[in-house]
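Asks: Sequence and predicted structure are below.
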Amino acid sequence: MVCGAACGASNGPDIVDPGSEHDDALADAANGQGDVKSPPANVVPELVFVDGVAVGSATWPQGGFNLDDVRVCVHDQAAAPNVFITPQAVPSDRVIPLTNYVGLQKGSGIDLGSFNAAAVDIDVYPAILLQNDAAWSPDPNETCAKISCTKQGPPCVAHVRLSVVLTGSVNVVALVDDQDLDSGLGVKSRSAAFIDTTFDGTIGAINGTVVDLSDWHTGETINAYYGDPQGTSGTGAEVAKPLDKDVAAVPIEITSSVSSYETFGLRFDATGSAPDTFGQSLDSIAYVANPTVTPPGFFGVRENFVFALVGDPNDATSVNLENGRNPSFNRNGLHIAAIPYATPRPK
């Protein structure tokens, strides 16, 4: 895959150093939102969080730590510092939708739901540090308010803080590696938002939007298509041409067929001085998310998905081996994460 020297560069929101004041958070977090406008006044913003970290090295005031699989706490910037929208780090006492994994597995995402807040802080924790038994059941004493402090030692837990403004009806925020160390924390956030107005309630259809959070095509123009995921560059039905950086494509119906999971999918074509293509079938996308669930089961739970291109394009593993059904895939390499988000009411 193509990846130039600028890999890791981002116009997305900065990470706020844990424990810092929020005076400038709104201005900082508004960066990188493209042309997306604020949602209508009657729309409660929804947050889809993606763990796009591959390297995972991070720092906080007391030193370095590793971020791999994560859990998160969400804080309303308008509330007191010790008041969180999520009382405990999530996912906590339940497996996340469509997986058998407690905690958010790297290279995947979760719909955290709708919040009556436009400006939020997202505290991201290594899931392993919040493990307290084999089932990863939540400890009632491990509240977000207690573990978010910046002092060294218990009950504080190492974490990074992302401060973002939710500008669309659906907001995609991704934690990614900071290869250029812009933030000084080793990781940073990328964001994209869209106004979801396209759902028609078609039975059996898969609706979705596409966003590139990978930097695999740094310096190149990228076009997104659905159809043959391994097809010739430029072929298939257009999702977005070109696909704007850090801006989600307009949600569309990806497919209305339930019998073409192995041959139908998404593809990203880079054009310019270093042309390249990357694609995955719907079967491959579902398999990477959870190999124990069949594609009809995976895509049938909800009709609406964010298809996020994430991962390290220089990683030696490839999700394209055996069209994605590669048991040795370590979730660091480039792949498409399908994150179901709440189905809105039909128009």
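Replies: Yep, it's here.

Asks: Could you use CA atoms for every contact and neighbour count after this?
Replies: Fine.

Asks: So, low pLDDT: which residues of the protein?
Replies: Within the chain, the segments meeting pLDDT under 70 span 1-40, 92-102, 132-140, 152, 198-203, 256-259, 343-347.

Asks: In this structure residue 213 contacts residue 244, no?
Replies: No. With contact defined as C-alpha atoms under 8 Å, residue 213 and residue 244 do not form a contacting pair (10.8 Å).

Asks: Between the two, which is the more surrounded one?
Replies: When residue 213 and residue 244 are compared for neighbours, residue 213 comes out ahead with 28 against 16, by other C-alpha atoms under 10 Å.

Asks: Can you give me the neighbour number for residue 321?
Replies: 12.

Asks: ok, longest helix in this structure?
Replies: In the chain, taking DSSP state H as the definition, the longest helix is helix 282-289.

Asks: next one: that helix to chain centre, how far?
Replies: 16 Å (C-alpha atoms, centre = their mean, to the nearest Å).

Asks: Please compute how far the next helix or strand after it lies from its chain's middle.
Replies: Per DSSP states H and E, the first helix or strand lying C-terminal to helix 282-289 is helix 295-300. Distance of helix 295-300 from the chain centroid (C-alpha atoms, centre = their mean) equals 20 Å.

Asks: which secondary structure elements does helix 295-300 contact?
Replies: When contacts are defined as 3 or more C-alpha pairs under 8 Å, 6 or more residues apart in numbering; DSSP states H and E, helix 295-300 packs onto helix 282-289.

Asks: And the contacts of the helix it packs on?
Replies: 98-99, 108, 261-266, 293-295, 298-299, 319, 323-325, 335-338 (C-alpha atoms under 8 Å, 6 or more residues apart in numbering).

Asks: Can you select the buried ones from those residues in PyMOL?
Replies: Only the buried entries of these go into this PyMOL selection, using 16 or more other C-alpha atoms under 10 Å:
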select buried, resi 98+99+108+261+262+263+264+265+266+295+298+299+319+323+324+325+335+336+337+338
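
Asks: Next step: the contacts of helix 282-289 restricted to helices.
Replies: Using DSSP H, the contacts of helix 282-289 in helices are 295, 298-299.

Asks: want to throw the residues you listed into CSV with distance to residue 80?
Replies: Shown next, in CSV, are these (distance: C-alpha to C-alpha, whole Å):
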residue, distance to residue 80
295, 43
298, 39
299, 39
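
Asks: Of those, which is the nearest to residue 251?
Replies: Distance ranking of the ones in helices among the contacts of helix 282-289 against residue 251, using C-alpha to C-alpha, places residue 299 first at 15.8 Å.

Asks: Chain neighbours aside, what residue packs nearest to that closest one?
Replies: In this structure, residue 299 finds its nearest non-sequential neighbour in residue 206, 7.2 Å apart by C-alpha to C-alpha, 6 or more residues apart in numbering.

Asks: Domain-wise, how is the chain divided?
Replies: 15-20+44-194, 206-340 (automatic domain parsing).

Asks: and of the ones in helices among the contacts of helix 282-289, the nearest to residue 172?
Replies: residue 299 (19.0 Å).

Asks: what separates that closest one from residue 174, distance-wise?
Replies: Noted for residue 299: a distance of 22 Å to residue 174, by C-alpha to C-alpha, to the nearest Å.

Asks: ok, now residue 226?
Replies: From residue 226 to residue 174 the distance is 23 Å (C-alpha to C-alpha).

Asks: Between these two, which is the more surrounded one?
Replies: Counted by other C-alpha under 10 Å, residue 226 and residue 174 do not tie: residue 174 has more neighbours, with 26 against 23.

Asks: middle-most residue in the chain, spatially?
Replies: Nearest to the mean C-alpha position of the chain, by C-alpha atoms, centre = their mean, lies residue 50 at 1.9 Å.

Asks: so what's that one bridging to?
Replies: Bridge pairing for residue 50 (DSSP bridges) gives the partners residue 109, residue 174.

Asks: got a list of what it touches?
Replies: Residues counted as contacts of residue 50 (C-alpha under 8 Å, 6+ apart) are 107-110, 172-175.

Asks: what about 10 Å?
Replies: The contact partners of residue 50, by C-alpha atoms under 10 Å, 6 or more residues apart in numbering, come to 70, 104-111, 172-176, 189-191, 213, 306, 308, 310, 337-339.

Asks: Overlap of the contact sets of residue 213 and residue 244?
Replies: Contacts common to residue 213 and residue 244, judged by C-alpha under 10 Å, 6+ apart, are residue 192.

Asks: so where do the helices sit in the stretch 101-250 of the chain?
Replies: For the stretch 101-250 of the chain, the helices defined by DSSP state H, counting those that start in this stretch occupy 144-147.

Asks: can you give me the strands in it?
Replies: Taking DSSP state E, counting those that start in this stretch, the strands of the stretch 101-250 of the chain run over residues 109-114, 119-126, 160-165, 170-177, 187-194, 206-212, 221-227, 237-240.

Asks: For residue 88, find the nearest of the ones you listed.
Replies: Nearest to residue 88, of all the strands of the stretch 101-250 of the chain, is strand 119-126, at 11.1 Å by C-alpha to C-alpha.

Asks: Next, the angle from that closest one to strand 160-165.
Replies: 160 degrees (axes from the mean of the first three to the mean of the last three C-alpha atoms, to 10 degrees).

Asks: Show me what strand 119-126 pairs with in its sheet, parallel or antiparallel.
Replies: Checking strand 119-126 against DSSP bridges gives partners strand 70-76 (antiparallel), strand 160-165 (antiparallel).

Asks: That concludes my questions; thank you for your assistance.
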